[in-house]
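Participant: 3D model of this:
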Amino acid sequence: SLCRDLEKENTKQWLDMMLEKLSAHSNENEDNVSGRDKALKMQEKKKLEAMIERHKALMEPTREAQSKVEHYSECYAFGDDIHPIMKVLNEQKHLSMKEIHPHNMDMCEEQIEKQEKVLSTIEKQNHIFQELMKRGLKLRSNPAAPEFLAKEIAKLEEMWKTANEKARERIDLLNATYKDWDVYDSQRQAIAAPLDAMDEQFKTYKKIYDSKKGADWLERKKKKAAELTKQINDIYESITRAFKTIIALAGEDKRDFMEKEINDINERKQILEKVDKTLEQMTDFNIRLTKMVQDMAELRAWMMPAMEKLTFITTSTDLTPEDRVKEIFDMQAGINERLPLLGPLEQEAHELLDVPETEEGQTNEVAIAHMTEYMTVRETIEELHEKVEVEAGSITQDQRYFADYLYGVKNFKPWMDEAEAMAKAPLIKPTGLEEAKKLLESIMAYQVGCEENKLKLDAAAESRSKMEKHTKAESEVEGLTGRWNSVKKTADERVAKVQELVNTWSELQNVMGGLTNAITEMPDSSAAHITNLEGIFKEFKDINARKVALLEVV
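Facilitator: All right, here's what the predicted structure looks like:
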């Protein structure tokens, strides 16, 4: 307004014209004007010139003020112009952030449609936002831009960003939830098939009394159960994972209502535990049945030859009385070892094989066959026990002692013959320390064998000495003891000689090492070192001579 007033009706042009006229008029009448008038005119002229200068000085700051006023006016207008889009964006942000609780697929789809409208509304504001941003940035580029302009631009930019982010987050959440609803519904239907199959499998479970067939049957059932269990668990995991997402959006107040479907699945899923428990029990049953059958087979494998052997012992004329006594006692020991097995085996048989008559005929027949086998085994072993006890009862204590004596002597003689042959055979001379050590190990084992077998001979002698009525048969213990003493003496001598040889050979190796080191480390040929070397060499010769002598006598 001020600028317009200054330029109104060519004010500056009029002032310049008046100044020019005054100057011309003053020059024309200068000769006729008094000095006082001249001074007055000059004073008025200066005032006019000063006014013109003031006019010039006011023009520039006035134009700057005008420019700032115009810029501020545009900035305020910008602030007013962003209010409509800010309002729209704020409304869409609010719609994207308000609580929603869709608790079924249709409601979720409805919310997706609403959110797509929100996104569409925001997208329609894009060109307005871009134009306003260009306008705002252009205004902000002016050095005289006010501080509030940057805040207005930032506010618009932040609102645009937030509205878009919240809208995208909501649509992504809804789309994910919709997919989870689809998974939830489809998988709830899909899990029914493997659960039904597992129920049918469970109905087929039964005890198989043939241990081999039962093991094969169990393997097939376990494989099928493992496949169905994995399938059910995978589907169930998908259901629960989807349920967590949809319940988070549906709200806790809908949890009880929606969990009914999950609880129904959990209830049906208990079949997995039943299957695992039943298969575990049936596996244990099969293991116990297999062991019982094996135990009965082992008893049968022993008792049938034992029955034949008892018949041979009691009827054969080839056995000496002593051999007969020994065989009877050996058989008695075998029976006494197996009798305690019958009680636990019978208990196990009843626990495993006593089945209701209502079960399948084939199952009952197999179980009955096992029970019949057990009864046969028990009766046979008990019969054997009775017969052997009768035979053993007819044998006197002296006969027992004499049989033990004869049995001990009989078992000792083969070893005695072998030991004497080894004592007569010359030892192989070792060619090195390692061979000498191996030779020492072998003859020490021979020495230990002598001591162990002497215990058997002593036991035979003790049995003979316990007899109340001494037999007229000559004792072989004295003769065998003499032979044993000879063999033992040879073993002891050989151990002593070879042990000395090993020690000497080891000492020789150590001296050899010392001699080698002394030669390599000798700094000069001084008399002291030569004397030391000669001493070591002499020791080496002495030990080597002993070794050679020992080798001659080994």
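Participant: Does residue 99 belong to a helix, a strand or coil?
Facilitator: coil (DSSP: H, G, I helix; E, B strand; the rest coil).
Participant: show me where the chain has strands.
Facilitator: Counting by DSSP state E, the chain forms no strands at all.
Participant: ok, the residue nearest the centre of the chain to residue 198 distance?
Facilitator: Geometric centre of the chain, nearest residue: residue 230, 18.7 Å, by CA atoms, centre = their mean. Distance, residue 230 to residue 198, using CB to CB, to the nearest Å: 11 Å. Bear in mind the C-beta positions are built from the backbone N, C-alpha and C, glycine included.
Participant: Same question for residue 410.
Facilitator: Counting by CB to CB, the gap from residue 410 to residue 198 is 68 Å.
Participant: Of those two, give the one with the bigger neighbour count.
Facilitator: residue 198 (22 against 14; other CB atoms under 10 Å).
Participant: hang on, isn't the more buried one packed against residue 269?
Facilitator: No - assessed by CB atoms under 8 Å, residue 198 is found out of contact with residue 269, at 9.2 Å.
Participant: what residues do these two have in common as contacts?
Facilitator: Taking CB atoms under 8 Å, 6 or more residues apart in numbering as the criterion, residue 198 and residue 269 both touch residue 232.
Participant: How much space separates the closest residue in space to residue 233 that isn't next to it in sequence from residue 266?
Facilitator: Leaving out its chain neighbours, the residue that sits closest to residue 233 by CB to CB, 6 or more residues apart in numbering is residue 272, at 7.9 Å. Taking CB to CB as the measure, residue 272 falls 11 Å from residue 266.
Participant: More neighbours: the two, which one.
Facilitator: Using other CB under 10 Å, the more surrounded residue of residue 272 and residue 266 is residue 272, with 18 against 12.
Participant: In contact with the more buried one, which residues?
Facilitator: Residue 272 makes contact with 198, 229, 232-233, according to CB under 8 Å, 6+ apart.
Participant: Among those, filter down to the buried ones and hand me the ChimeraX syntax, if you would.
Facilitator: Selecting only the buried entries of the contacts of residue 272 in ChimeraX, with 16 or more other CB atoms under 10 Å as the criterion:
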select :198,229,232
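Participant: Compute the number of surrounding residues for residue 94.
Facilitator: By the criterion of other CB under 10 Å, residue 94 has 12 neighbours.
Participant: CA atoms of stretch 369-386 as PDB?
Facilitator: This file holds the C-alpha atoms of stretch 369-386, laid out as PDB (Å, rounded to 0.1, in the frame of the first residue of the first chain):
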ATOM      1  CA  ALA A 369       0.900-124.100  21.900                       C
ATOM      2  CA  HIS A 370       3.400-122.000  23.800                       C
ATOM      3  CA  MET A 371       1.800-123.100  27.100                       C
ATOM      4  CA  THR A 372       1.900-126.700  26.000                       C
ATOM      5  CA  GLU A 373       5.600-126.400  25.200                       C
ATOM      6  CA  TYR A 374       6.300-125.000  28.600                       C
ATOM      7  CA  MET A 375       4.400-127.800  30.300                       C
ATOM      8  CA  THR A 376       6.400-130.300  28.300                       C
ATOM      9  CA  VAL A 377       9.700-128.700  29.200                       C
ATOM     10  CA  ARG A 378       8.800-128.500  32.900                       C
ATOM     11  CA  GLU A 379       7.600-132.100  33.100                       C
ATOM     12  CA  THR A 380      10.600-133.400  31.200                       C
ATOM     13  CA  ILE A 381      13.100-131.600  33.400                       C
ATOM     14  CA  GLU A 382      11.200-132.700  36.600                       C
ATOM     15  CA  GLU A 383      11.300-136.200  35.300                       C
ATOM     16  CA  LEU A 384      15.000-136.000  34.700                       C
ATOM     17  CA  HIS A 385      15.500-134.500  38.100                       C
ATOM     18  CA  GLU A 386      13.700-137.400  39.800                       C
END
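Participant: quick one: buried residues of that stretch?
Facilitator: 370-371, 373-374, 377-378, 380-381, 384-385.
Participant: roughly how far is it from the heart of the chain?
Facilitator: 50 Å (CA atoms, centre = their mean, to the nearest Å).
Participant: And the average pLDDT for that stretch is what?
Facilitator: For stretch 369-386, the mean per-residue pLDDT is 91.
Participant: quick one: contacts of that stretch?
Facilitator: 209, 289, 292-293, 296, 299-300, 303-304, 306-307, 310, 331, 335, 338-339, 342, 345-346, 349, 352-353.
Participant: Just the buried residues of those.
Facilitator: Counted by 16+ other CB under 10 Å, those give 209, 289, 292-293, 296, 299, 303, 306, 310, 331, 335, 338, 342, 345, 349, 352-353 as buried.
Participant: Which members of those residues are positioned in helices?
Facilitator: 289, 292-293, 296, 299, 303, 306, 310, 331, 335, 338, 342, 345, 349, 352-353 (DSSP state H).
Participant: quick one: which of these is nearest residue 106?
Facilitator: Nearest to residue 106, judged by CB to CB, of these is residue 289 at 58.0 Å.
Participant: And the helices in the stretch 51-200 of the chain, which stretches?
Facilitator: Using DSSP state H, counting those that start in this stretch, the helices of the stretch 51-200 of the chain run over 105-124, 126-140, 147-190, 192-203.
Participant: With mean pLDDT and distance to residue 40 as added columns, please give those helices in CSV.
Facilitator: Formatted as CSV, the helices of the stretch 51-200 of the chain follow (pLDDT from 0 to 100; distance: least, CB to CB, whole Å):
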stretch, mean pLDDT, distance to residue 40
helix 105-124, 85, 76
helix 126-140, 87, 55
helix 147-190, 86, 55
helix 192-203, 93, 121
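Participant: Figure out which of those is closest to residue 90.
Facilitator: Set against residue 90 and scored by CB to CB, those come closest in helix 147-190, at 6.5 Å.
Participant: Compute the distance from the centre of stretch 299-315 to the centre of its chain.
Facilitator: 55 Å.
Participant: Just the C-alphas of it, formatted as CSV.
Facilitator: The C-alpha trace of stretch 299-315 is given here as CSV (Å, rounded to 0.1, in the frame of the first residue of the first chain):
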residue,chain,number,x,y,z
LEU,A,299,15.8,-125.8,27.9
ARG,A,300,14.5,-128.2,25.2
ALA,A,301,17.8,-128.2,23.4
TRP,A,302,19.5,-129.2,26.7
MET,A,303,16.9,-131.6,28.1
MET,A,304,16.4,-133.9,25.1
PRO,A,305,20.1,-134.9,24.8
ALA,A,306,20.2,-135.0,28.6
MET,A,307,17.4,-137.6,28.6
GLU,A,308,19.3,-139.7,26.1
LYS,A,309,22.5,-139.4,28.0
LEU,A,310,20.8,-140.5,31.2
THR,A,311,19.5,-143.6,29.4
PHE,A,312,23.0,-144.3,28.2
ILE,A,313,24.6,-143.8,31.6
THR,A,314,22.1,-146.1,33.3
THR,A,315,22.1,-148.9,30.7
